[in-house]
Every structure is written in structure tokens, then in C-alpha cells.
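A.B. asks: Build me a structure from this.
(2 chains)
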Amino acid sequence: MATGPSPWVTSFDYEEKDLKVIGKNPADRSDALEKVTGRARFAADYNLPGQLVGCVLRSPHAHARVLSIDTSAAESLPGVKAVVTRDDFPDLQSEVAAAGELMVNYRDVTRNIMAREKVFYDGHAVAAVAATDRRTAKQALKLIRVDYDVLPHVIDVVEAMQPDAPLLHENQFTAGITPKPDRPSNIATQMTSKLGDVVTGFKQADLVIEREFNTKPIHQGYIEPHACVANYTSGGGGSAEVWASTQGHFVFQAQIAKVLQMDISKVRVNPAELGGGFGGKNTVYLEPLAVLLSKKSGAPVKMKMDRNEVLRATGPTSGTNTKVKIGVTKDGKITAAQAELNYQSGAFPGSALALATMTVFTRYDLKNVLVVGHDVTCNRPKVAAYRAPGAPMIAFAVESVMDELAEGLGMDPIDLRLLNAASEGTKTHMGGTLDRIGYVETLEAAKAHEHLKTPLGPNQGRGIATGYWFTLGNETSGTLNISTDGTAAFIYGTVDVAGGSRTVFAQMIAEELGIALDKVRVIQSDTSSLGFNFTTAGSRGTAAGGTVAVKTCRDAIVRMCEIAARIWDVDVEQVSWKDGHAVPAGANVGEFEPLSVADLAKQASWYGGTIAGHAELNVAGGGPGFGAHLVDVEVDRETGAVKVLRYSIIQDAGKAVFPDYVKAQFHGGAVQGIGMALNEEYIYNDKGIMENAGFLDYRIPVASDVPFIDTTIVEVPSPNHPYGVRGIGEVPIIPPLAAISNAIYDAVGVRMRDHPMSPPKVLKALSGT
Amino acid sequence: MNNTQYKAPASVEKAIELFSGAEIGGKLLAGGTDLLVQMHSDMIAPALLIDLKKIPQLRAIEKEADGYRIGAAVSGVELMNHTGFCTTWPGVMDGVKLIGSLQVKGRASVGGNICNASPAADSVPPMIAAGALATVVGPDGARIVPVEDIGVAPGRNSLQQGEIVVSFLLPNQLAGSGGAYQRFTPRTEMDIAVVGVAVNLTLDKAGICSHARVAVGAVAEKVLLVKQAGDALIGTRVQDDATDNLVTAVRAACRPIDDKRGTREFRVQVAGVLARRVVATALERAKGSGQNP
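C.D. replies: Numbers count the residues shown, from 1 in each chain, chains lettered A, B, ... in the order given. Model prediction:
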């Protein structure tokens, strides 16, 4: 069969049409019952006969050279079946690979999962043990002797950038500077994003405001700790099967294979139901250790972290130091915008700096922009993506400065944003121009919101902030099988990271095929049943996964039209598809009753065989999303406590396939942002040891900390998605820090520029006024 | 391997016998909301758990001639469901209701809260302010210990080898008494007090304060009974000057540390703020409590 070359990337044009299923709230969500009854199987719920328990020995030091590791006593403890250390892992050279919104370097991945020359943070893995039970494994850990040469450490990003700071990597010379610096530095990379000329731009300004902001590192706080079960079999040259808590089983497959130097095809990863990831489950931690322990012991190995390990050793976001300077004319037009971003990357380079640098000002139509960013290594866990990686911190800075500018100009803060809003055709400082977007519509909906009319009491204030995030596309595949009874099963290869994918894919398939929603089943694939799927990251689940779901339907429809043609004995060109039926393409084709999916499926076996649809697409990125948040707070002037009284989210979803679930995503993002704004932070002691490695003292909000959150879904369809979908999961975590900071200022007149805006900090700021 | 044994004796005598068996590292289990968490996080690995919940005396809430007696293993929810106790001791209940979540309170006991000896325990300041007396029984017999003398330092109490707290007596109060407790936490619940202040006071018929006890949590190695703070109120109508003196006395007594839960400066400042707020509530309750015994 002659076919043309496959396209580099694929997108489908948005089509305006009457929708029967999409946009309505389904009566039941396919995964909900299992979750609320406790029957959903998360990674730690999988068990294999004869499995061992694996535990990890972790560094008690923030920075130390590992002189020697003696595992002999542990190995001779009865019940211990395998011990692994750095000596069991091959060293890897520098090689960069995508792993979600952030990149990873395999040289560092192997050092992060198991320390080699040095330990770089409190909690860094130095050995792992598999034993017949947890207690034996834990006892074995105590018998492992590690000799450390403890080195000076550095946590804070600004301190780490100083020339005399303790150095993590002796061979790290700042990239992005010419000529190459003559001495190594904790600054791994310097990055620049530029548009126009800021010097000229600032000269045109009547009002220029420049401020400095600091944020502490934050953890994703997923409820489910990392867990996996691995089974290595030596037959056939060695293969491994892994059940894991992951956002990207194909990426895990590749990472496990690389770290253990196996063939990718011989590693099979089964993604379990995911108990939250938010970007933190895009890279391996336990999985290669479990596979190797299984290989050494000859038995399956189960590993799970406790919360202490999750907080000490898995990916938080960067702590940051940022400086933002914006100039405006007296009429409020921005003439120039400049930012310096200093982002912690943790033990190894590779923070969200690149994303932050590209997106600092992207919701505004600017002529002159200069952004300079630094990616800085320090003695903390290697940072991982966290929901709009890098964006909440920089929006904290930009949107706070915008608020000050509005005040300085005597302008309404929404009007200032409207005056400078990006729209279709706006050239961005990340390169390229924006397609049709809904920022203006979002701001106008915010301006019309009833929230703004509520009167405020004493010590109460109102803040607004906005955010922007893009939607990833990338490799995505799926298979649709039409059974002989006309029902459909869709096998998807993204991961249902937020619990909505299964339902929204079913909605799109029901819409495309013209069958009832309850006749569609959506099933998670493992890595052996589909072509490569990129990690579910960058808000791409519904957008990219949905594009593939639609493509598989259209593929199956072609097949069904062929079957109808054979049944009617006409040419395939004489059959078209309308409202879920094969119909004659014109009056001259003949008198035929329309054939439904069920009719065609029933007869398929005699007229051409199995009906299925496939898609292996490199999906083009979906449309960017924009959101505006309105918040009212009350500040207790005597204790510094900030209470969130009212919260409203207005966001462009492109098209809300499952509106209640879109709202739930808005809620979830905002609540994480509120937690980040008010109380969440890593606290280190003077030895660089994390002091609050548990949910008692790492204070994510509880339900009673937040009011019911009002949501407004704006729908400006993305032109590049068949149903107009935009990514929605990440935008809502971006504005809360700035919105709350602006509200605190409105309430009590202090500008909070150091995160978190916790009671001691607010009280201190108030006592200074 | 050292496996943990579990015993659930039905009498105080049997519990003491087990607990004083010196060769085994035994731990007393009431609600388990501290103990089991410590075990799960590998902080302790006791050889023996002695569950006290099967001992009737430790589970009883009784109105006696001298006051209310509550068993040391009575859970928070059992107290919350006891209308008589809640009406008489609203200040103690302020503290009990703040412990953990509803699920945690379904297990956690006031006895455990006190014996665990955390300076931040929420039920301890109001129990001290109430003048609660613990009945402690050990191999050498029974003794009565004021609650303020039980906690010594974080995780360390003053009980002797083999001793068990059996119950607490909250002595009768005069008419015109009222108590209250407030704490400061960054979160609304599921949190640990950064500072906590309890007041229990009595007004005579003329509206003059005749009795006042003030206890402050999370500002020292143990919950403090601040006598000077109570004295600042006695003999006054509990108005501006008196509450100012109370605030000064409370702040003067604080000797907190800087830690992950709060700074020294913040704790001292907020202790005073809470003291003023708590007195206002206690005063209101005292004025509305004419029917109290």
C-alpha cells in the first residue's frame, strides 16, 4: 500500500459542531468508584509470590565524599538476599534525555539513584538491601558501614552562587558564558531570553519598578509515596517487569534500561493507578534498585518510600531568587521588562529554569524583554518538575510588580493587564508568535466577576494575579478496538495522572463514533502494548491523548466505511460517515439504510474482518492556557495569620470536555498554590539536614484552610485541537502566590516578597510598618 | 528478631505487674496516636505493648462528690460526647477538640496526651489551668500528682518505674468559673501548637476575680503553669490593666526555642496575644456560668 511520509508533527483543526457528549458532565467517572471504595490498585498494592522487601540506606550528611562502603555484615545477616551499592551500577557518560517538562542527564540520574563519588544531600541513597521482611531489611541497613569525609555544604541559591561557596561538582563550568570560565562554579548554566532592546525601552518609561523576591523549595506533596515491584528473569538474556507509580511508564522503561544497561524492549513497565505526581513521578528513584536487587537475589522485590524519604530524597521544586523590573508609560503601556532568575537545581543541574526563562512575561505583549537565568547546584535533592515547573515563583515576582505599577499609575490592576495583554499574533520572548488565545476574554470575565463587588471589612484585602502555561504535545499512541457487539475499548499510553483521562477519552470516542458513553471502555496500557508514549506532563493528557483518541476513531471509521461499501457492494468513496452511521455519500449511490457501529461490527467478520483504529502521532502542542485569580484575605495583625476568605478562578480551558473535572483541576492547582503561598517550605538546619520531613511540619493545607473556590470556565477553542482543548492542569497553580501577596498588601499595606507568607514573616513585616 | 508482644490486661494491678517487669522494654498503649506513629517511623521498637483500654477504671467518666473523674484512656471523642463534662469544663474541651483530626480524637486520650509529655500538647494547658490531679498507681501504691508535675521535658515524664496514670480528678469549681484554651497553628487543624494558652478563673458575686490559673504550652521544655499570670488577675475585675499585667507575666515566663515550628520571638509575642484573647473567652464563660456547682 502506498502511503506518504509520516508527518513531523500532527494536529487536527478545530471544528465547530453540535456536541452530544463532550462538554456535559458524565454521570459517573470510570475510576471513581474504585478509588472511593479503596479497590483501586496503586503500586504498593501489587504483590508477587516470594517477593522480598527492599529498603534504602540514605546519607545523613548534606555533602560528603563516600570513602568506602562495607556491606559484609549486612550480607551475612540471615534473611538478607541482596545488597547493592554504587559498585553494582555502571557509570554513565553525560547524555541528555527528555523526561517530562524537565530534561535529565543519565550521568546524573545514575548518581542520584545511588551515590557514587559523593553524597550531595541529606537522604541521598548510598545502598539498598533486599530481605525477607522489612524489619530484617532495616536491620541490615544499620549494619552497613559507610565512611564519609564530610564536606562543607550550601543550600541557599544566592549563597551557592558566590565564588567562595562550597562546590558540588569540581568539573562544572558555567555553560552559556563565552569564553568558558576558568574556574568551576555551582552555576551550571546561564540562559538568556531576549526581545528588542530593554535599555531603549526603559528610557521610554515614566514609571519603573524593580523588586527582588525569594521563594523556598516546595514539594509536590502527592499523597502516594513512590513504590514499585520489580521482577527480573534471567532467561532470554534477561528481562524485567516492573509495576510502578509513574507519570510516564515508557520514559521509566527507557531510564531503567539505560541505568542498568539493558535493552529497552526487555524492560516492561506497568503503570499502577497513580496517587498523585504533579511532575514528581517523571524520573526513576527506586525502580532500577528494585530491578537490580531482584536480579541479584533471584526473587521479586518490592520497595516503597515512607514520607520522610519522599520529602528528603525526591524532587521538590527549586527555591528561587528573582529580580523583576518593569517600566510603563504614564498611560500604562509597558515599555520594557527585565528579569534575573536564580533557580536551585539541587544536587545536579537541570531545574525548570529554561521553562521559567521562556515564559516569564508571555501573557503580555512586549517589545523589549531581557531575561537572564542561572541554574544553580546546591546540596538538596535534584529538583523535579512540579505543576507548571518554575512558573509560580516568577509569576509571584512579575504579578506583584504589576500590582505595584497599577497602584503607582492609579490604574485598575485588571485594566493594566488588559492594556498590555497578549493576543493572537503577539510575538513572544521565547520565540514565535501566539495563535488564538483567550487571555483578553479571561481578563474581561474576571473584570465582570461578581467577586469584585463584595465589600471588604477591616484588615481584609483583595488581590489579583494572572498566569500562563503552554500545553505539550509529543509522542502519543493508542489503539481502539471495536468488538463484535459494537462496543469500543481504547487502550491509551499516556498515564491518567489526574483521574480524568479515562473519562474524557471515552467522551471523545463516544462523540466521534456516535455510540453511548457507557459502551466505551478505556484501558491503561503497559509499555508492551503500544508504541512509545511520552510522559504525561505539560498539561498534555487530555489535549495530546485526546487527539490520539480522536485519530483512532477516525482510523476505525475509515475501516467501517470500507465494510459498509462491501456490504452495499459500492465503492468506498460512495460511503460517508454521519452521526455515528455509515450512509450513502449521495442520492445516486442507491437506497441503503444507514449502518451503525453495532451493525457494522456484527457483520465485519464477513466483510473484511476486525475493526480497529491506531494512532502513533507526534502531536503538535495544544493551545496555551491563561488564568486570572481573585482572592480576598483577612490578616490577623496580632499574629500575622492570613486567612483566605474567598477565592475565584477564571481560566480559559479552550473547551471543557468534562466541566466538573476541569473545575476540580482549577481547585487542585489553586489549593496547592495557596499552600505554597502561606506555609509550605523546606526547613534545613545548619548541617543541611531537612528538619520538617513529614506532613506534620511540612504544612500542606487541610480542607478547612481553604474556602470553597469559585470557578469560571472561559472557552476560547484552541485552533489546533479537534475539540479546541487547551491544557488546564498547570495554569491554576501559577497565580496564587502573587494574588495572595497582593491581597495582603491591600489588607494591611505590607508587600510580602519573601516566601512563604507565613505568620512569623507577616507579623515581622507588620511590625516594621 | 525482636518481635513486639501485645498484652491487654483487665486490671490496673495486672498492668503494673507487666509494666514493672524490668527486663523487658514495655510501652503503655492507650490511643496509640503517638506510640504507633513512633513505632512506624522506627523511632522506637518496644518489646511489649500494654494496652490499657481494657481496664474499666481507665475508661470511665464519673461525676464524684469532689468533681469529675476521667479515666486516663478515655478518648477525646468519648469526652466530646459527654454533655455533662463538656458543659462543666469547656476550657478543657477547647484543648481536647484541637487534638489531631476527628479520627485521631476517636483514639487519642487525655492521659496519653499528658504522659507523652510534649510541651505543645493541646489538652495539657487547660488541664493544668483546671487544677486537674492525676491518680498515679505503681508497684509501691498510689499517689496524687498535679498535672503540671507530670511533664518534665519533651517525651519525658516524672512517673517512676512501673507507674501508670489511672485517672484525673477535675475538682469542683465555685459558681462564676470559666475556662478557655486557644492555640496558634499555621493550619486550622491537623497541626501542632506553636503556642497555646489556657486560663481558668472564678469571679465572685461582685465580679472580682477570686481564683485564676494560667498555663502556657510550647514555650518551654514543658507546659508552664504561670503563677504570676494568674495572680495578675486575682483581685481585679479582669479589665485592661489586669490583662496587660497578665500579658506581661505570660511573656516573661516564656523561654522558647527557635525551631521548625516557630521562632522564639514569634512565640513570645503570640503567647501574649493569645493570653489576652483566652481571658476574654474565659471571662465570658465565667459570667454565663451561674449554675455551675
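
A.B. asks: Just the buried positions in the helix or strand containing residue B:245, please.
C.D. replies: Element membership of residue B:245 [criterion: DSSP states H and E] is helix B:240-253. Neighbour counts over helix B:240-253 (16 or more other Cβ atoms under 10 Å in any protein chain shown) mark B:242, B:243, B:245, B:246, B:247, B:249, B:250, B:251, B:253 as buried. (C-beta placed from N, C-alpha, C; glycine too.)

A.B. asks: pretty sure residue A:86 contacts residue A:115?
C.D. replies: Yes. Contact criterion Cβ atoms under 8 Å: residue A:86 and residue A:115 qualify, at 6.4 Å.

A.B. asks: Spit out the contact partners of the residue lying closest to residue A:102 once chain neighbours are set aside.
C.D. replies: Nearest residue to residue A:102 in three dimensions, chain neighbours excluded: residue A:385, at 4.9 Å (Cβ to Cβ, 6 or more residues apart in numbering or on different chains). The contact partners of residue A:385, by Cβ atoms under 8 Å, 6 or more residues apart in numbering or on different chains, come to A:100, A:101, A:102, A:278, A:279, A:280, A:282, A:315, A:352, A:537.

A.B. asks: Tell me how far the last one lies from residue A:107.
C.D. replies: If I follow you right, that is residue A:537. To residue A:107, residue A:537 is 22 Å away according to Cβ to Cβ, to the nearest Å.

A.B. asks: picking up where we left off before, gap between the residue nearest to residue A:102 and residue A:277?
C.D. replies: For residue A:385, the distance to residue A:277 (Cβ to Cβ) stands at 9 Å.

A.B. asks: domains in chain A, as residue ranges please.
C.D. replies: A:32-40+A:473-616, A:447-472+A:621-767 (automatic domain parsing).

A.B. asks: How about the secondary structure of the nearest residue to residue B:254 once chain neighbours are set aside?
C.D. replies: Spatial nearest neighbour of residue B:254, chain neighbours left out: residue B:219 (3.9 Å); criterion: Cβ to Cβ, 6+ apart. The three-state label given to residue B:219 by DSSP: H, G, I helix; E, B strand; the rest coil is coil.

A.B. asks: what do residue A:86 and residue A:115 both touch?
C.D. replies: Counting by Cβ under 8 Å, 6+ apart, the shared contacts of residue A:86 and residue A:115 are A:66, A:126.

A.B. asks: Quick test: name the residue nearest the centre of the chain.
C.D. replies: If you meant another chain, say so; for now it's chain A. In chain A, the residue lying closest to the centroid (Cα atoms, centre = their mean) is residue A:279, at 3.6 Å.

A.B. asks: You answered for a different chain; I wanted chain B.
C.D. replies: Geometric centre of chain B, nearest residue: residue B:124, 1.9 Å, by Cα atoms, centre = their mean.

A.B. asks: ok, that one touching residue B:113?
C.D. replies: Yes. Assessed by Cβ under 8 Å, residue B:124 is found in contact with residue B:113 at 6.3 Å.

A.B. asks: And the residue of the stretch 401-550 of chain A closest to chain B?
C.D. replies: Closest residue of the stretch 401-550 of chain A to chain B, Cβ to the nearest Cβ: residue A:459 (14.3 Å).

A.B. asks: Run the chain-centre distance for the longest helix belonging to chain B.
C.D. replies: If you go by DSSP state H, chain B has its longest helix at helix B:264-287. Between the centre of helix B:264-287 and the centre of its chain there are 17 Å (Cα atoms, centre = their mean, to the nearest Å).

A.B. asks: just stretch B:140-160 next, same as before
C.D. replies: 12 Å.

A.B. asks: is it up against chain A anywhere?
C.D. replies: No. For stretch B:140-160, no contact with chain A is found by Cβ under 8 Å from any Cβ of the partner chain; the gap never falls below 14.3 Å.

A.B. asks: That stretch: which residues count as buried?
C.D. replies: Quick answer for stretch B:140-160 (16+ other Cβ under 10 Å): B:145, B:147, B:148, B:150, B:151, B:157, B:159.

A.B. asks: which one of those residues sits closest to residue A:139?
C.D. replies: residue B:157 (29.6 Å; Cβ to Cβ).

A.B. asks: Tell me where chain B has helices.
C.D. replies: According to DSSP H, the helices that chain B contains are B:12-19, B:35-40, B:76-80, B:83-88, B:90-97, B:102-105, B:110-115, B:124-129, B:227-233, B:240-253, B:264-287.

A.B. asks: where does chain A have its least confident helix or strand?
C.D. replies: Across the helices and strands of chain A, mean confidence by mean pLDDT, DSSP states H and E is lowest for helix A:32-36: a mean of 90.

A.B. asks: so what does it touch, helix or strand wise?
C.D. replies: Here helix A:32-36 touches no other helix or strand, going by 3 or more Cβ pairs under 8 Å, 6 or more residues apart in numbering or on different chains; DSSP states H and E.

A.B. asks: List the contacts of it.
C.D. replies: With contacts defined as Cβ under 8 Å, 6+ apart, helix A:32-36 is touched by A:39, A:40, A:273, A:499.

A.B. asks: need the contact list for the first one.
C.D. replies: With contacts defined as Cβ under 8 Å, 6+ apart, residue A:39 is in contact with residue A:33.

A.B. asks: How confident is the prediction for it, by pLDDT?
C.D. replies: Looking at residue A:39, its pLDDT is 94.

A.B. asks: Likewise for residue A:3?
C.D. replies: Here the pLDDT value assigned to residue A:3 is 61.

A.B. asks: picking up where we left off before, buried set for the least confident helix or strand of chain A?
C.D. replies: Of all the residues in helix A:32-36, not one is buried under the rule 16+ other Cβ under 10 Å.

A.B. asks: Beyond it, next helix or strand please.
C.D. replies: Sequence-wise, the next helix or strand downstream of helix A:32-36 (DSSP H and E) is strand A:52-58.

A.B. asks: got the contact list for residue 253?
C.D. replies: Answering for chain A, as no chain was given. For residue A:253, the contact set (Cβ under 8 Å, 6+ apart) comprises A:264, A:267, A:268, A:269, A:527.

A.B. asks: oops, chain B please
C.D. replies: B:216, B:219, B:220, B:224, B:226, B:228, B:229 are the contacts of residue B:253 under Cβ under 8 Å, 6+ apart.
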